[in-house]
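> Next one to model:
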Amino acid sequence: MGLALPVWVGLWFRLPQPPDPLWPAHAPGMALRTVLFFPFLEEWIFRGRLQPWLAQSFSGQWYGLGAANVLTSLLFAALHGFTHPPAAAAAVFLPSLVFGWVRDRTGSFLPAFVVHAWYNLGYFWLTSGMR
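Predicted coordinates for the structure are as follows:
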């Protein structure tokens, strides 16, 4: 969970205006979607279904990461290109590797969901002042 901290600190220093400290209260629907609903759905599909399925065929390692994790993360980032600018979609790749690593270490997508939700909470809270 501490891996998200450098991302949040980096964002904090690049913000054009301060974040909304009451963002979840001011935008509860968006908060629920971005922190709970979408991370759960994404992790269930990508880390709960796709990554274990790919691991059956791709058992190799890439810099200590499972090949299935790397392939899943590439697809995860590529599919974010439909809803994000190209640089933002590409930036999803590294957190996705972390989510996949958590899945590989625990054998479950649920801890990856918790990490994803935590990451999204910090990211969307910090960028709330930019909306």
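> Need the contact partners of stretch 21-39.
With Cβ atoms under 8 Å, 6 or more residues apart in numbering as the contact definition, stretch 21-39 has outside contacts at 20, 113, 116, 117, 120, 121, 124, 125, 128. Every C-beta, even on glycine, is put in place using the N, C-alpha and C of the backbone.
> Doesn't residue 120 lie inside a strand?
No: Residue 120 is assigned helix when assessed by DSSP: H, G, I helix; E, B strand; the rest coil, not a strand.
> need the next SSE after the helix or strand containing residue 25, C-terminal direction.
Assigned by DSSP states H and E, residue 25 belongs to helix 23-26. Going down the chain from helix 23-26, the next helix or strand is helix 28-32, by DSSP H and E.
> Any buried residues in that next one, and which?
Within helix 28-32, the residues scored as buried using 16 or more other Cβ atoms under 10 Å are residue 31.
> Quick check: phi and psi on residue 53?
With angles defined as degrees, to the nearest 10, residue 53 sits at phi -60, psi -50.
> mind checking how far it is from residue 46?
10 Å (Cβ to Cβ, to the nearest Å).
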